[in-house]
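[1] got a structure for you, letters missing:
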């Protein structure tokens, strides 16, 4: 009895483990903290899931996420849409991505690019150093181009005072005041500022006199650059939602489709089994299959009904072991490996090899030639008209005259 309880306990433990892991992964994906900052999949304060949810509920136009690399996107898919890239790590982008963004804007899309400001969130400001990154410390690939040089603008950082080592010391409490068109947010939290812009750029938001958001026309569309992404975060929308600013930036809910790009955050479609399972919600089906497989293994290793040992022993004792003689085995082997059409030619070839090797048989060359002619005649006939037995007897008479 105890021997059968051990597999059952093991199966229960395995099922509990699988159930626990499924709940853990479900909780992580629901919370979204496994995604990068400003991802529309992320639901904590550093994500942008609330913005995506609001526009999905209120917009009369389609609102979607892009998980396909830009080089694979069709220009027609982005035409007349607002293409949003939040949390951009660096303005150094692959040349193919820049060409695609310019093509989208030329066709009529509105390209919105917001710099990553996760290190400058209000909830983090007491411990984050404000020293700007040094571009000389990063390796620049030859197939990339700096958007600042390509599109004609520069980014600078506010200078730190000698005694200022963090955001708490460097900026006013609650961020810098911001003014401009489109009713921008009341506060701006990143120390990055835009300078040295081309004439084509129009400033539509400034923090205490320093530009933080610019816009320019590009073909039939437009391009927008922002030095921060905090305005789109879940934390910002919960504390002080900049509704007019978002409507100006992304468009009214009935104006145009909105596409939130996730590829610059590293969230890209991958043709993997795990990705397909997550996309089509196949976790339950896989769990059920695993349970059925475990029950099948258990059933074959330990039957559910205890067998009658006496009847089993009697059945095996009464059973006889049946075999085959050598001739039967040879027939089965020939049937399995030699086609019917080539049976006679195979027999003649085998006889020739044996006669040559053992120097037996007294058949004349004319008899061998006649035998080959008989075999060729049989092989050229349809299967139903062949007489293998009669032809074999003729071959025996030709090749072994002494047996007549």
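    Sure thing, it's come through. The structure presented is a predicted model; accordingly, all values stated were derived computationally and were not measured.
[2] Please report the residue range of the longest strand in the chain.
    Secondary structure of the chain read by DSSP state E shows that its longest strand is strand 210-218.
[3] in that strand, what's buried?
    Buried residues in strand 210-218, counted by 16 or more other CB atoms under 10 Å: 210, 211, 212, 213, 214, 215, 216, 218. (Each C-beta comes from the backbone N, C-alpha and C, glycine too.)
[4] And these, which two are furthest apart?
    210 and 218 (23.9 Å; CB to CB).
[5] Pairing partners for the longest strand of the chain, with directions?
    Partner strands and pairing direction for strand 210-218 (DSSP bridges) are strand 202-207 (antiparallel), strand 221-226 (antiparallel).
[6] Quickly, which of the ones you listed bottoms out on average pLDDT?
    For those, the weakest mean pLDDT is recorded on strand 202-207, namely a mean of 89.
[7] Same question for that strand: list its buried residues.
    In terms of neighbour count (16+ other CB under 10 Å), strand 202-207 has its buried residues at 204, 205, 206, 207.
[8] and the host helix or strand of residue 330, what's its mean pLDDT?
    Remark: residue 330 resides in helix 326-337, with elements defined by DSSP states H and E. If you average the pLDDT over helix 326-337, you get 78.
[9] Could you list the buried residues of it?
    For helix 326-337, it's none, nothing buried (16+ other CB under 10 Å).
[10] Tell me the helix or strand right after it.
    Elements were assigned by DSSP H and E; along the chain past helix 326-337, the next helix or strand is helix 343-358.
[11] Give me the mean pLDDT for the very next helix or strand once past that following helix.
    Secondary structure here is assigned by DSSP H and E; on that basis, the next helix or strand after helix 343-358 toward the C-terminus is helix 365-379. In this model, helix 365-379 has a mean pLDDT of 82.
[12] which helices and strands does helix 365-379 pack with?
    On a contact count with 3 or more CB pairs under 8 Å, 6 or more residues apart in numbering; DSSP states H and E, helix 365-379 meets helix 343-358, helix 388-399.
[13] If I take that helix and helix 388-399, what angle do their directions form?
    Interaxial angle, helix 365-379 versus helix 388-399 (axes from the mean of the first three to the mean of the last three CA atoms, to 10 degrees): 170 degrees.
[14] so helix 365-379 versus helix 343-358, what angle?
    Taking the same axes, to 10 degrees, helix 365-379 and helix 343-358 form an angle of 160 degrees between their directions.
[15] Can you point out the buried residues in helix 365-379?
    Within helix 365-379, the residues that count as buried by 16+ other CB under 10 Å are 367, 368, 370, 371, 374, 375, 378.
[16] quick one, what contacts the second one?
    Contacts of residue 368 were listed using CB atoms under 8 Å, 6 or more residues apart in numbering, and they are 352, 398, 399.
[17] tell me the contacts of the last one?
    In this structure, residue 399 makes contact with 351, 361, 363, 367, 368, 371, judged by CB under 8 Å, 6+ apart.
[18] Tell me how many other residues crowd the third one.
    The burial metric for residue 363, expressed as a neighbour count using other CB atoms under 10 Å, is 18.
[19] In contact with it, which residues are there?
    Taking CB under 8 Å, 6+ apart, we find residue 363 in contact with 355, 371, 398, 399, 400, 401.
[20] Please read off the pLDDT at the last one from the model.
    In this case it means residue 401. In the prediction, the pLDDT value recorded for residue 401 is 66.
[21] still on that earlier bit, now the contacts of residue 368 in a markdown table, with distance to residue 382?
    Below are the contacts of residue 368 laid out as a markdown table (distance: CB to CB, whole Å):
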| residue | distance to residue 382 |
| --- | --- |
| 352 | 27 |
| 398 | 24 |
| 399 | 26 |
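[22] hang on, residue 216 packs against residue 222?
    Yes. With contact defined as CB atoms under 8 Å, residue 216 counts as touching residue 222 (6.6 Å).
[23] For the stretch 51-200 of the chain, give me the ranges with low pLDDT.
    Screening the stretch 51-200 of the chain residue by residue with the criterion pLDDT under 70, one finds the ranges 117-142, 159-172, 181-184, 186.
[24] Please enumerate the strands of it.
    Read by DSSP state E, counting those that start in this stretch, the stretch 51-200 of the chain holds these strands, from start to end of the chain: 63-66, 82-88, 92-94, 110-115, 144-146, 154-157, 176-179, 187-188, 192-195.
[25] which stretch among those comes nearest residue 330?
    Each of these was checked against residue 330 via CB to CB, and the shortest separation belongs to strand 63-66, namely 69.2 Å.
[26] which pair in the buried residues of strand 202-207 spans the largest distance?
    The span of the buried residues of strand 202-207, defined through CB to CB, is set by 204 and 207 at 12.4 Å.
[27] Show me where the stretch 251-400 of the chain dips below the pLDDT cut-off.
    For the stretch 251-400 of the chain (pLDDT under 70), the answer is 252-254, 270-280, 302-324, 357-362.
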